[in-house]
Structure formats: structure tokens, C-alpha cells
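Q: Got a sequence here, can you build the structure:
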Amino acid sequence: MAAGQLPRDTDFVRTLRQGLHGTAMLSWDVPPAEVDDLIQYVKAFAPRWRNEQPGDEIVPTPDPWTGRETDGIDRGRRVYHGLAQCATACHPAYATKQEIYDFTKELTKMELREMRGDLYFPIAKDSDYGVKILPPDFTFNEAVSFQIPCRDQDEVDHYWEKLGEGGEPGPCGWLKDRFGLSWQVVPNRLPELLSDPDREKAQRVMAAMMEMGKIEIDELERAAAAA
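A: The predicted model follows:
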């Protein structure tokens, strides 16, 4: 919905399940039977819910670059470097200085007189959350990764298969998807076993995990139960 409008229940559910990227709002595994109760409780904090209705869903328009993906990428590269002000603001650049100068002049009809010295690195900026926020660097490596906590082996198998299509499997639950982004698919049982007060048991679980690609919960349990 548009900014300033009240969210729909489906928006609450998405936020609960996925969190809000770039904020302290993490994802929460709330039992389905309790989700609606939680949403109604949260609404009670905002008087607007007594008199207003949720906003209308914003439906994205069709992609104008369908069938012209190469042209779209080229246009995006020019807009990113020529209009987003990465040469003077906070986002990292991915083009040469001459290209940035040319793109800026093409799109704004103005000459770029100065560029910041650390042009190819993101710069942390103050935010409304009281902490500095570092813009993402869109060139992926192992330093940029996501973790997926899984309730059971079925979820582990599902995400491992879907994310790994066209990608590259790695050790200890790690994999790269087809875009080169790193993921760690981790069953919730793993940290429980690793934090067991019986340190010998925890070490056996760790040793078993180090031999795995995709994490297998049954094998972890067998390692934990071994004498």
C-alpha cells in the first residue's frame, strides 16, 4: 500500500514471517493458530485502527523491459551511476570515473566536478533508527550471505534444492545460488545440539556437521547419541 496507509493483515503476516530488512525487526516463527491474535493485539496500540481501513494493495505494472533485458541492464547502469549520486553520496560505484562523468552529463546535462575518494566503497549514513546504516555492496561474495532457519528436514531439503538449482553446494549447510549469493540452510535442531551442556556430545555433533554438505538432522542426532 502507499506510504502512510494502514497495512493489511497479509502485510503483518509477511513482516512476521520474513522480518524487515535493514531494521531490528527479525522474522518470528509464530504458530499459525496465534498469528491472528498477535496481529489484533498489535493493532490495539494504534488508535487509527478504530476509524480507518487498511490501504489498497499496490499492484506492480508489467515489466517494460521484458524481452529487452540487455537494454534494461544498460539503462539501469546508467541511471545508477548518473542519477543516484554514488560519486558523492553513500552507495559504491561499479563503473569507471569517466563512465560516471559521461552518464551524469547524459542524464542531468550537468558536469560532475568532484567525486569522493572512496568511490568504490559504501559509506555508513545516519538513519531514523538511531544507528548508522551501511548501503549494500551488490557484488556478492562469502561476506554477503543469508541464513535460513528450518523447522525440520523437509524444510532443509526444500530450500537446499530450490536455492541450489543452477548454483553450487558447499560444506556445512552452505551453498551459492545461481546468482552467486551465499546461503546457509540450517535446521533449528543444530544450534540446540551444539549448545548442549554435555560438551563431548556437542563436539561429536560439530564433527558430524563438518563432514556434511546439506545438513542431515538424523545424522546429527545419531552423533549426539553415540557413546
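Q: low-scoring stretches of the chain, by residue?
A: Within the chain, the stretches with pLDDT under 70 are 21-24, 140-143, 227.
Q: in it, which spans are strands?
A: All strands of the chain, identified by DSSP state E, fall at 125-126, 132-133, 145-150, 168-169, 174-176, 182-187.
Q: Please convert these to a markdown table, extending it with distance to Phe103.
A: The way it works is simple: take the backbone N, C-alpha and C, and place the C-beta from them, glycine included. As requested, the strands of the chain are arranged in a markdown table below (distance: least, CB to CB, whole Å):
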| stretch | distance to Phe103 |
| --- | --- |
| strand 125-126 | 22 |
| strand 132-133 | 25 |
| strand 145-150 | 31 |
| strand 168-169 | 33 |
| strand 174-176 | 31 |
| strand 182-187 | 30 |
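Q: Check the offset of the lengthiest helix in the chain from the chain's centre.
A: Scanning the chain for the helix with the most residues, using DSSP state H, yields helix 69-83. Relative to its chain's centre, helix 69-83 lies at 23 Å (CA atoms, centre = their mean, to the nearest Å).
Q: Show me what that helix is in contact with.
A: Identification of contacts with helix 69-83 by CB atoms under 8 Å, 6 or more residues apart in numbering yields 64-65, 86-87, 91, 93-95, 99-100, 103-108.
Q: Please name whichever of the strands of the chain is nearest to Ala223.
A: Smallest distance to Ala223 across these (CB to CB): 13.5 Å, for strand 182-187.
Q: All the helices of the protein, residue numbers only.
A: Counting by DSSP H, the helices of the chain are 9-18, 32-43, 69-83, 97-108, 153-164, 189-194, 199-210, 217-225.
Q: In the shortest one, which residues are buried?
A: Of the residues in helix 189-194, those buried by neighbour count under the rule 16 or more other CB atoms under 10 Å are 189-190, 193.
Q: Among the residues you listed, which one sits closest to Trp160?
A: Leu190 (13.7 Å).
Q: ends of stretch 102-117, how far apart?
A: Taking CA to CA, to the nearest Å, stretch 102-117 runs 18 Å from one end to the other.
Q: Check which residues of it are buried.
A: In terms of neighbour count (16+ other CB under 10 Å), stretch 102-117 has its buried residues at 102-104, 112.
Q: try stretch 33-50
A: Quick answer for stretch 33-50 (16+ other CB under 10 Å): 35, 39.
Q: Now do the contacts for the closest residue to Pro135 other than its chain neighbours.
A: With sequence-adjacent residues excluded and distances taken as CB to CB, 6 or more residues apart in numbering, Pro135 is closest to Pro122, at 4.3 Å. Counting by CB under 8 Å, 6+ apart, Pro122 makes contact with 90-92, 134-137.
Q: Mind doing that once more with 10 Å?
A: Contacts for Pro122 (CB atoms under 10 Å, 6 or more residues apart in numbering) come out as 86, 89-92, 133-138.
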